[in-house]
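K.L.:
My questions are about this predicted structure, shown below with the sequence.
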Amino acid sequence: MNLVVQAALFMTLVGGLNYLAGSHSWRFDLTRYRRYSLSAETLSYLRELSRPILIVETSNGQAEDPEVKGLLREYVNATESNPAGQIRVEYVDVYQDRRKTEKYGVEQPGIVLVTSGDKRRALSVDTELYRVEDHVRKAFTGEQAVTAAILDVSNPERKKIYFLVGHGEMRPDDVDPANGLSLVRDQLRMRNYDVDTVELASSRRVPADASLLVSVAPVDPFTPFEQEMLRQYLGAGAGRLILFIKPSSQTGLSDLLLDDWGILVDDDIVIDLGSDNMSEDGDLIIRAFSPHPITQTLLDYKEALRIGSARSVRPLPGRPTGSGLTVVTLAATSTTAWGELDYRSRGVQSFTPGIDIKGLANMEPPNRLGVAVASERVGVRGDLPFSVPGGRIVVFGTGDMISNARITNAGALAIFLGAVNWTVGRDAALNVPSRPIERFQLSLGAGELARMRYALMLVLPGIAALLGIAVYWARRT
C-alpha cells in the first residue's frame, strides 16, 4: 500500500506540474542579446492584431537560418492568447513540397512570405532580414522587417501603384522581353502592391488612391496640362513619382517639373570606355552608390548595377537652398565616364573638353556622372516643432532597366524595389534594435589536435580507472 500511495502521489505531482506548465507557462530569455525576445513595440502591435496571419518560410532543404526560425517561433508564442490575431508558421521545401509551393505561389528558396487573407508580402532572407558587410552577415534585422510586413498585410488598405501610359511607355501587362514589365508587375504584387495603368490625358486627373506613379521610357512628350497635373500632385498633394527617361527622348518634364525638384536631366549619352566599366555587349556597369535607403541593399552586398544606354542625371546646379529640398545622387559612373552631347551626329567619339559633360569635383559624388537621383521635399508647417514629409521623386537616366529582360539582374531589382519602398514610405524602420550575429571559432593546430586526441583516448578513461581502483581499495580496507 505504501508503494501504491507513493506512486499515486508521484503521478499526481507530475500531472499537476504539466498542467501548470501548459496553462501558466513562463519563459526566460537568458541569451546575451535577447535573441529569443520580441521588442516591446512588436508585442504591442501583436496584441492589437484582429486578423490571422500565416507566415511561410521557403528553403532548399539544406541551408538553415536559425535566427529566422527562432524569430518566427516567438511570433507564434506571442499570439497564442489572441484568437482573432493568431500567427501560424509553415516551412516549405521548394524542391520537395511542390503542392505547397504552387499553393502559395513562391518557387524560390530563402523567402519569408507573410499573408493575411488575399494580402501578401514577400521578404528575402538574404537581403531584407540580415545586414551584410563584405558578404558576411553582421546583424539580424528580421524583427524590423517581419513586424513591418505583418502590419502591412493586416491593414485593410492596400497601396496602389499606377504606371503611366499614353506616351509610348512600357506597360505592366506586356510580356515582351525587351519592352514588357510583366515580371515587375508580379514582383510588386508579391509584395502586396496593387498595380494598374492610367492615362492622364483621358482621365484628366491623378487617381485619388494612387500611392505612386511610375513612368517607364516615355517616347512622346507630356502635354502642358499633364505636366501641371503632375506638378500639383507632387507639390500640393505630396505625391510620389518614379521616372525612367531613356536617352534622346524629349519628355517635356524638365522645365516645369524636374527643375522644381532640383533635378537636371542632360540630353546626352553616357560613354565609359574602361574595360571594367562596360560589358562586352555595351552595358554600363555602375559600382558607385551613395548611402540611401534605396541603395542600401546594393551597398551591403557590394552588388553592381548593369544598365543599357543611359543619359546623365544630376542635382540641378544653383538650385535654391533652404526650401526643404534634399537631392541625392543615388548611382554614378566611374571617373573615366563622360556625357557625349553630340551623339546624334558623331556617334561614340572621344571626350571633347568644353563641349561634353564631365563629373565635377565639387559635386557629390566627385568627378562622376550620376545616372539616378532622388529628391525629397520636407518642410516645417507653421509653428510645429517637427517636419512634415512632402513629395518624393526618383529619376533614372535609362529606359529599359526594369524590362523583363533586365529585371532578373539582382542589382536592377534591388534598386527598383528600394525606390518603390522609399517613395511610398515603406523604408521607415521600426524602433526595433538589430541583433549582432554571434560567431565562435576554434583554431587548433596539428599539435593541439594530437593532444586533444590523446586526452580523449587515454586521460579521461585513465581518470575513470583510477577512481574505480580507489573505490575498490576503499571497500576492501
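P.N.:
Nice, thanks for sending it over.
K.L.:
show me what contacts the nearest residue to I407 once chain neighbours are set aside?
P.N.:
Spatially, and ignoring its direct neighbours in sequence, I407 is nearest to L183 (5.1 Å; CB to CB, 6 or more residues apart in numbering). Just so you know, the C-beta spots here come from the backbone N, C-alpha and C atoms, and that holds for glycine as well. When contacts are counted by CB atoms under 8 Å, 6 or more residues apart in numbering, L183 touches 404, 407-408.
K.L.:
Would you mind giving those as CSV with distance to Q96 and secondary structure added?
P.N.:
Rendered in CSV, the data for these read as follows (distance: CB to CB, whole Å; DSSP: H, G, I helix; E, B strand; the rest coil):
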residue, distance to Q96, secondary structure
N404, 30, coil
I407, 28, coil
T408, 25, coil
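K.L.:
In contact with the residue most central in space within the chain, which residues?
P.N.:
For the chain, the residue sitting closest to the mean C-alpha position, by CA atoms, centre = their mean, is E128 at 4.9 Å. Contacts for E128 (CB under 8 Å, 6+ apart) come out as 141, 145, 297.
K.L.:
out of those residues, who has the most neighbours?
P.N.:
Ranked by the number of neighbours (other CB atoms under 10 Å), these place A145 first, at 24 neighbours.
K.L.:
circling back to that earlier point, selection in ChimeraX covering whichever of the contacts of L183 are buried, please.
P.N.:
With 16 or more other CB atoms under 10 Å as the criterion, this ChimeraX line picks the buried residues out of these:
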select :404,407
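K.L.:
Kindly reformat the contacts of L183 as a markdown table containing distance to Y193 and pLDDT.
P.N.:
A markdown table is the format used below for the contacts of L183 (distance: CB to CB, whole Å; pLDDT from 0 to 100):
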| residue | distance to Y193 | pLDDT |
| --- | --- | --- |
| N404 | 18 | 95 |
| I407 | 15 | 91 |
| T408 | 19 | 86 |
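K.L.:
okay, the contacts of L183 in CSV with distance to F351 next?
P.N.:
Converted to CSV, the contacts of L183 look like this (distance: CB to CB, whole Å):
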residue, distance to F351
N404, 34
I407, 32
T408, 33
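K.L.:
of all the contacts of L183, which comes closest to R426?
P.N.:
Distance ranking of these against R426, using CB to CB, places I407 first at 19.0 Å.
K.L.:
what about the strands in the stretch 301-450 of the chain?
P.N.:
Under the criterion DSSP state E, counting those that start in this stretch, strands of the stretch 301-450 of the chain are mapped to 305-307, 313-315, 325-332, 338-340, 370-380, 387-396, 435-436.
K.L.:
For the protein, give me the ranges with low pLDDT.
P.N.:
Low-confidence segments of the chain, defined by pLDDT under 70, span residues 32-35, 255-256, 319-323, 346-349, 379-389, 427-433, 438-441.
K.L.:
Mind doing that once more with 50?
P.N.:
Applying pLDDT under 50 to the chain flags the ranges 384-386.
K.L.:
list the helices and strands the helix of greatest length in it packs on?
P.N.:
If you go by DSSP state H, the chain has its longest helix at helix 2-23. Using 3 or more CB pairs under 8 Å, 6 or more residues apart in numbering; DSSP states H and E as the contact criterion, helix 2-23 has no neighbours among helices and strands.
K.L.:
Centre of the chain to that helix, how far?
P.N.:
The gap between the average C-alpha position of helix 2-23 and the chain average comes to 52 Å, counting by CA atoms, centre = their mean, to the nearest Å.
K.L.:
got the CA coordinates for it in CSV?
P.N.:
Included here for helix 2-23 are C-alpha records, laid out as CSV according to Å, rounded to 0.1, in the frame of the first residue of the first chain:
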residue,chain,number,x,y,z
ASN,A,2,2.9,2.3,0.8
LEU,A,3,4.4,1.8,-2.6
VAL,A,4,1.0,2.3,-4.3
VAL,A,5,0.3,5.5,-2.4
GLN,A,6,3.8,6.8,-3.3
ALA,A,7,3.3,6.0,-7.0
ALA,A,8,-0.1,7.7,-7.0
LEU,A,9,1.3,10.8,-5.3
PHE,A,10,4.2,10.9,-7.8
MET,A,11,1.9,10.6,-10.8
THR,A,12,-0.4,13.3,-9.3
LEU,A,13,2.6,15.6,-8.8
VAL,A,14,3.9,15.1,-12.4
GLY,A,15,0.4,15.7,-13.8
GLY,A,16,-0.1,18.8,-11.8
LEU,A,17,3.2,20.2,-12.9
ASN,A,18,2.4,19.6,-16.5
TYR,A,19,-1.0,21.2,-16.1
LEU,A,20,0.6,24.3,-14.6
ALA,A,21,3.3,24.4,-17.2
GLY,A,22,0.8,24.2,-20.0
SER,A,23,-1.7,26.8,-18.8
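K.L.:
on that earlier part again, can you list the strands of the stretch 301-450 of the chain in TSV and add mean neighbour count and distance to L456?
P.N.:
As requested, those are exported to TSV (neighbours: other CB atoms under 10 Å; distance: least, CB to CB, whole Å):
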stretch	mean neighbour count	distance to L456
strand 305-307	22	53
strand 313-315	24	65
strand 325-332	22	56
strand 338-340	24	67
strand 370-380	22	59
strand 387-396	21	61
strand 435-436	16	33
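K.L.:
quick revisit: filter the contacts of E128 down to just the ones in helices.
P.N.:
Among the contacts of E128, the members falling in helices (DSSP H) are 145, 297.
K.L.:
sorry, back to before: quick check: which of the strands of the stretch 301-450 of the chain is nearest to V92?
P.N.:
Between V92 and the strands of the stretch 301-450 of the chain, the shortest separation by CB to CB is 25.1 Å, and it involves strand 435-436.
K.L.:
Direction included, what does that closest one pair against?
P.N.:
Paired strands of strand 435-436, with direction, are strand 136-140 (antiparallel) (DSSP bridges).
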